[in-house]
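Novice: Sequence first, then the predicted structure, then my questions.
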Amino acid sequence: MKKIWFIVKNDEHIGPYSQYDLKDFHRESKISKETKIWKKGLAKAIVYSEINLHNQPEKINKKFKTKEQEAVRKLEEGLRVLQHQEPFKLPGQEDAPFPWNKIAIAFALTLFLSTTPFLYELYQMTSHKISKPSGMKKSDYERLLQTSSNALEEVTVSFAPSKDMSELWMATNFAYDGKVIVKIKSIQEKMLRPEIIAITTEGELKDRLVSFTNLKYEVGTRLVPGYYQFSVEFVSPVEKKYLIENFISLQKKLSQSTVGLISVLPDQVFDQKLAEYQSQRQEVGKQIWFELHQKFLTVKTVVEQIKEEIFMVYDKQNSDSSWQENLQNFEQKYQKYFSVFLTSFSEQDYTTLYGFSQITDEERSSVKDYYQELVQISIKAAKDSARTLSELQKNGRSPSSQDWEWIKSKISKRFDKLIQRSDDGIVIVKSKFN
């Protein structure tokens, strides 16, 4: 569009700008509806809100409408003349019928000639064949070719990788040339490796095909075979021709989302391998949950043994052993076995579980939560054991039967809570592999 408009500010003419420039300025609040503008041919400046009253017909209208309108105008003018004019007659000739058939033929011919550019644009947009890049597989090319040939009732996109997975191509049925930005994110449960990959890339779409060679990795370092979520944005200003408006309402920013496979393998072969991998990964997941289940059982058993050993300090009293001797024996056993186990267990890392790296992030997060619960139970058991031993040592002598029942009840509540937490974990973890 020609740059013929000037912005009038402080008696100065700033410009020139096109009508689209002014429209962008108005959208960005750089000018208002009351801003004064002027172009050659106007006696005085007008406000921006009156711009449509002074526009010249668009080139697009000239291309598709003007010829047709001019032809119709001339035909109508000719009809008016014929209606008020006596037809020419030779001597002895009778009145001839009005030549409606000739006028109809002339009108149809004029209409055809005026709409030829319109029909050509229709052909260009509905019959298109993309060129095959040298590194693209034949099956991928046929798939992308089908996408580019789809009717424009809905914008569609398809992707294909190069053999070394370093380049991506995108085809679309959208007849648009310009900048395209694509965001790509892996669908973890549909990957041959449990990796998270996030990429942003951009390229120039031309003749419905674009190549992406500069892949910017936000997460990950390389493409891995699998299914991905693609978000496509056509971000440059789009000046579409008259025909496009009959198919789809276009904006300056148009987005599309789709799911697609990135792999050098045929779709069916990849899906078969994915099913095998998912089955294998499921077995690994079951093994991890089973191992975690065994750890919960072990911690529960240790807590129960500590509780039982404390009670035996009182019950073993006889003439051969005193209260203090029994406490010392329990303390030695606790330090030698129970404390070492609980401390070392709480320091273990859940990532050491067999096959942990092979499961999905969602499964890892769940395993991590229950492993941390197990560690917390171990830490609490160690603290409660040390606390109980300290309380018993403060007495300095064996408590009476009545006092012991109260002490025993207090100790039971303390350790029973840990046993119950262990039981809760055992039930939930067991359901993960059954």
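Specialist: Yes, it's here.

Novice: wait, what's in contact with Lys368?
Specialist: Tyr350 (Cβ atoms under 8 Å, 6 or more residues apart in numbering). Using the backbone N, CA and C atoms, a C-beta is placed for each residue, glycine as well.

Novice: and the nearest residue to Phe345 once chain neighbours are set aside, what is it in contact with?
Specialist: Excluding the flanking residues, the one nearest Phe345 by Cβ to Cβ, 6 or more residues apart in numbering is Ser378, at 5.0 Å. Counting by Cβ under 8 Å, 6+ apart, Ser378 touches Val299, Leu342, Phe345, Ser346.

Novice: Can you give the distance from whichever helix or strand Ser378 is part of to the centre of its chain?
Specialist: Assigned by DSSP states H and E, Ser378 belongs to helix 361-395. Relative to its parent chain, helix 361-395 has a centroid offset of 40 Å by Cα atoms, centre = their mean, to the nearest Å.

Novice: Pull out the buried residues from that helix.
Specialist: Across helix 361-395, burial judged by 16 or more other Cβ atoms under 10 Å covers 363-364, 366-367, 370-371, 373-375, 377-378, 380-382, 384-385, 388-389, 392.

Novice: Kindly report the same for stretch 165-174.
Specialist: Glu167, Leu168, Trp169, Met170, Ala171, Thr172, Asn173, Phe174.

Novice: Reformat those as CSV; add secondary structure, pLDDT and distance to Gln287.
Specialist: CSV is the format used below for these (DSSP: H, G, I helix; E, B strand; the rest coil; pLDDT from 0 to 100; distance: Cβ to Cβ, whole Å):
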residue, secondary structure, pLDDT, distance to Gln287
Glu167, coil, 90, 39
Leu168, strand, 92, 36
Trp169, strand, 92, 40
Met170, strand, 92, 40
Ala171, strand, 91, 43
Thr172, strand, 88, 45
Asn173, coil, 84, 47
Phe174, coil, 81, 48
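
Novice: Next, format the residues you listed as TSV and append distance to Val219.
Specialist: As requested, the buried residues of stretch 165-174 are exported to TSV (distance: Cβ to Cβ, whole Å):
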residue	distance to Val219
Glu167	20
Leu168	17
Trp169	22
Met170	21
Ala171	26
Thr172	26
Asn173	31
Phe174	28
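
Novice: Closest one of these to Lys430?
Specialist: Leu168 (44.4 Å; Cβ to Cβ).

Novice: Once you drop chain neighbours, what's closest to that closest one?
Specialist: Phe212 (4.4 Å).

Novice: Ser162 versus that neighbour, what's the distance?
Specialist: According to Cβ to Cβ, to the nearest Å, Phe212 and Ser162 sit 10 Å apart.

Novice: do the same with Asp11
Specialist: Noted for Asp11: a distance of 60 Å to Ser162, by Cβ to Cβ.

Novice: Mind checking which of those two has more residues around it?
Specialist: More neighbours surround Ser162 than the other of Asp11 and Ser162, with 19 against 5 (other Cβ atoms under 10 Å).

Novice: quick one, what contacts the more buried one?
Specialist: Ser162 sits in contact with Gly135, Met136, Leu168, Trp169, where contact means Cβ under 8 Å, 6+ apart.

Novice: The second one touches Ala160, doesn't it?
Specialist: Yes - counting by Cβ atoms under 8 Å, Met136 touches Ala160, with 6.0 Å between them.

Novice: Helix, strand, or coil at Arg193?
Specialist: coil (DSSP: H, G, I helix; E, B strand; the rest coil).

Novice: Excluding chain neighbours, what is closest to Phe159?
Specialist: Gly260 (4.8 Å).

Novice: Buried residues, whichever strand or helix holds that neighbour. List them.
Specialist: Per DSSP H and E, Gly260 falls inside strand 254-262. For strand 254-262, the neighbour count (16+ other Cβ under 10 Å) marks Leu254, Gln256, Gly260, Leu261, Ile262 as buried.

Novice: where does Tyr228 fall, phi/psi-wise?
Specialist: phi -130, psi 160 (degrees, to the nearest 10).

Novice: okay, now it: neighbour count?
Specialist: With other Cβ under 10 Å as criterion, Tyr228 counts 23.

Novice: Could you chop the protein up by domain?
Specialist: With domains defined by automatic domain parsing, the chain comprises 5-54, 59-89+96-126, 138-264, 271-433.

Novice: Which of the ones you listed comes out lowest on mean pLDDT?
Specialist: With a mean of 56, domain 59-89+96-126 has the lowest mean pLDDT of the domains of the chain.

Novice: Toward the C-terminus from the helix holding Ser378, list the very next helix or strand.
Specialist: Next along from helix 361-395, by DSSP H and E: helix 401-433.

Novice: which secondary structure elements does that next one contact?
Specialist: helix 267-315, helix 361-395 (3 or more Cβ pairs under 8 Å, 6 or more residues apart in numbering; DSSP states H and E).

Novice: Would you reformat those helices as a markdown table and include distance to Tyr17?
Specialist: Formatted as a markdown table, the helices and strands packed on helix 401-433 follow (distance: least, Cβ to Cβ, whole Å):
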| stretch | distance to Tyr17 |
| --- | --- |
| helix 267-315 | 51 |
| helix 361-395 | 51 |
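
Novice: Quick one: closest of these to Lys408.
Specialist: helix 267-315 (6.5 Å).

Novice: tell me which residues in the following helix or strand past the closest one are buried?
Specialist: Moving toward the C-terminus from helix 267-315, the next helix or strand (DSSP H and E) is helix 323-333. Neighbour-count burial for helix 323-333 flags Trp323, Asn326, Leu327, Phe330, Glu331 (criterion: 16+ other Cβ under 10 Å).

Novice: Which of the helices and strands packed on helix 401-433 sits closest to Ala198?
Specialist: helix 361-395 (12.6 Å).

Novice: Helix 267-315 and the closest one, what's the angle between them?
Specialist: 10 degrees (axes from the mean of the first three to the mean of the last three Cα atoms, to 10 degrees).

Novice: now the strands for the stretch 1-150 of the chain?
Specialist: 5-9, 12-17, 36-38, 46-47 (DSSP state E, counting those that start in this stretch).

Novice: What residues sit buried inside the third one?
Specialist: Applying a neighbour-count criterion of 16+ other Cβ under 10 Å, one finds Ile37, Trp38 buried in strand 36-38.

Novice: Start at 27, not 1
Specialist: Sure, I'll start numbering at 27, so the last one becomes strand 62-64.

Novice: Neighbouring strands - and their directions - for it?
Specialist: The strands beside strand 62-64 in its sheet (DSSP bridges) come out as strand 31-35 (antiparallel), strand 72-73 (antiparallel).

Novice: Give me whichever of those is most buried.
Specialist: For these, the largest average neighbour count (mean count of other Cβ atoms under 10 Å) is found in strand 31-35, namely a mean of 18.
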